[in-house]
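Asks: please work out how this folds:
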Amino acid sequence: MNPDEPEYGMTVRPHDAGCEITLVTPGSAAERAGLKIDDIIKKYDGKPVTTVDAFVEDLKKKKPDDEVTFEVLRGTQTLTLKVKAGRKAAPAAGQSGDGRGG
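Replies: Predicted coordinates:
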């Protein structure tokens, strides 16, 4: 993991209106911003979500502590939430960083 890569703490999947949040990590930037499971992200920084891949790649270009504005559909309500990107944790000593331990 690259500690200079931003961390948001959410998992998304494709949705007709953008991308749907399927997981929000407790204590993450996404949770602190108020994002919730089943929210639909329609826009980020004013840009429409066209595909999940493009959305994720654009978010990876940000730096930790950058702020991203999300337009979110929650039920019938449209919300604007600001997410301040977190920082990925560096792997612990002796771990390969591939998520499988060492």
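
Asks: can you spell out which helices and strands pack onto the helix or strand where residue 70 lies?
Replies: Element membership for residue 70, per DSSP states H and E: strand 67-74. With contacts taken as 3 or more Cβ pairs under 8 Å, 6 or more residues apart in numbering; DSSP states H and E, strand 67-74 sits against strand 40-44, strand 77-84. From N, CA and C alone the C-beta is placed, and that goes for glycine too.

Asks: can you name every helix or strand that the shortest one contacts?
Replies: Contact here means 3+ Cβ pairs under 8 Å, 6+ apart; on that basis strand 40-44 packs against strand 18-24, helix 52-60, strand 67-74.

Asks: if you set the cut-off to 6 Å instead, what comes out?
Replies: strand 18-24, strand 67-74 (3 or more Cβ pairs under 6 Å, 6 or more residues apart in numbering; DSSP states H and E).

Asks: quick one: the shortest one to chain centroid distance?
Replies: Yep, that's strand 18-24 we're talking about. 9 Å (Cα atoms, centre = their mean, to the nearest Å).

Asks: shaky segments in this protein?
Replies: 1-3, 89-102 (pLDDT under 70).

Asks: if you set the cut-off to 50 instead, what comes out?
Replies: Residue ranges of the chain with pLDDT under 50: 95-102.

Asks: orientation of the strand holding residue 70 relative to strand 77-84 in degrees?
Replies: Relative orientation of strand 67-74 versus strand 77-84 (axes from the mean of the first three to the mean of the last three Cα atoms, to 10 degrees): 160 degrees.
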